[in-house]
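Participant: Sequence and predicted structure, then a few things I'm wondering about:
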Amino acid sequence: MMRTGDRPNAQAVRLAVAPQAPSSRAIARAASVLRRGGLVAFPTDTLYALGADALNPLAVRRVFAAKGRSLRSPIPLLVADLTMAIQLVGELPEAAVRLAERYWPGPLTLVLWAPREICTLLTAGTDRIGLRVPDSAIALALIRRFGGPVTGTSANRSGVKDSMDAHDVLRQLGDQVDLILDGGPAVGGNPSTVVDVTMSPPAIVRHGPVQQEEILNLLGL
C-alpha cells in the first residue's frame with residue numbers, strides 16, 4: 001500500500017485523456033493507483049479533484065497531507081450515481097432523492113448522515129458527509145472502474161487558488177500526487193452548490209452553480 005513517504009520528491013505521472021471518451025487503459029491505470037492507496041488528480045465538471053479511496057484511512061490521510069488541509073475541514077466524496085450513494089449511506093431523505101434525480105450528475109453536493117464505516121477524518125467529527133455525482137466522463141469512468149466512492153476535494157494546496165488544469169495540479173501538488181489524468185481545462189470553474197439535507201427544511205450551506213431559487217422551488221419551500 002502506498003504511503004506519503006513512498007515517493008519522495010517524485011513528480012506525478014501525467015496521462016493525457018480525451019475529455020468525452022477517456023482511454024480505458026488510462027482509466028484502469030488510475031483505478032489501480034487508487035486501489036493501492038495512491039492519489040489521482042482528475043478533471044470534474046467544476047475543477048480538478050484530488051481522488052483517493054474514500055474507505056482507506058491511510059489514503060485519506062495522504063489527501064490531507066498533500067493539501068496541507070486542516071483536520072477540522074471535512075472532505076466531500078464523489079460517487080458514480082444515486083445507486084452508489086444509497087449503497088454507501090443507506091436510505092436517503094425524500095428531499096435528497098428529489099435533488100439528486102434533478103441535478104445529478106451535476107454541480108450539486110448533498111450533505112448526508114455518514115455511515116459508521118466512513119473514515120472520521122472525512123467528516124471532521126460532524127457525522128455528516130458530502131456526496132456528489134460529477135458531470136464528467138473522465139471522473140465517472142474512474143469512479144465506476146474503481147467501484148467505490150472517491151474523495152472529491154479540489155486538487156490544490158489549502159488556501160491557494162483551485163486547480164483548473166493539469167499544469168496547475170503539477171505546480172501545486174506535483175510531488176504529492178501519483179497520477180494526473182490530463183483532460184484539458186476544467187469547464188466549470190466554480191465549486192458546487194452544497195445543500196445539507198440532514199435537517200428539515202434542507203439548508204444551502206454553500207452557494208454555487210445551482211441557484212437557491214431552483215432548489216427552493218423544487219422542494220416546494
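Facilitator: Okay, I see it.

Participant: next one: the one helix or strand residue 109 maps to to chain centre, how far?
Facilitator: For residue 109, the host element (DSSP states H and E) is strand 108-113. Relative to the centre of its chain, strand 108-113 is centred 12 Å away, using C-alpha atoms, centre = their mean, to the nearest Å.

Participant: Then stretch 118-126?
Facilitator: Relative to its chain's centre, stretch 118-126 lies at 15 Å (C-alpha atoms, centre = their mean).

Participant: Ok, stretch 207-221 next?
Facilitator: In this view, stretch 207-221 has its centroid 22 Å away from the chain centroid, taken as C-alpha atoms, centre = their mean.

Participant: show me what contacts the residue most central in space within the chain?
Facilitator: Note on the chain: the residue nearest the mean C-alpha position is residue 152, at 1.4 Å, using C-alpha atoms, centre = their mean. Residue 152 makes contact with 44, 49, 51, 75, 76, 77, 78, 130, 132, 134, according to C-beta atoms under 8 Å, 6 or more residues apart in numbering. Glycine gets a C-beta too; all of them are placed from N, C-alpha and C.

Participant: from those residues, which ones fall inside strands?
Facilitator: Here DSSP state E is the test, and those give 49, 51, 77, 78, 130, 132 as lying in strands.

Participant: mind listing the helices for this structure?
Facilitator: Counting by DSSP state H, the chain has these helices, from start to end: 24-35, 57-67, 82-89, 94-103, 120-123, 137-146, 166-173, 212-219.

Participant: deepest of these, which one?
Facilitator: Across the helices of the chain, the average number of neighbours (mean count of other C-beta atoms under 10 Å) peaks for helix 137-146, which reaches a mean of 23.

Participant: Please export the C-alpha coordinates of it as PDB.
Facilitator: Below are the C-alpha coordinates for helix 137-146, written out as PDB (Å, rounded to 0.1, in the frame of the first residue of the first chain):
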ATOM      1  CA  ALA A 137     -16.900  11.500 -18.500                       C
ATOM      2  CA  ILE A 138     -13.400  11.100 -17.000                       C
ATOM      3  CA  ALA A 139     -14.500  11.300 -13.400                       C
ATOM      4  CA  LEU A 140     -17.400   8.900 -13.900                       C
ATOM      5  CA  ALA A 141     -15.300   6.400 -15.800                       C
ATOM      6  CA  LEU A 142     -12.700   6.400 -13.000                       C
ATOM      7  CA  ILE A 143     -15.300   6.000 -10.200                       C
ATOM      8  CA  ARG A 144     -17.000   3.200 -12.000                       C
ATOM      9  CA  ARG A 145     -13.800   1.400 -12.800                       C
ATOM     10  CA  PHE A 146     -12.600   1.800  -9.200                       C
END
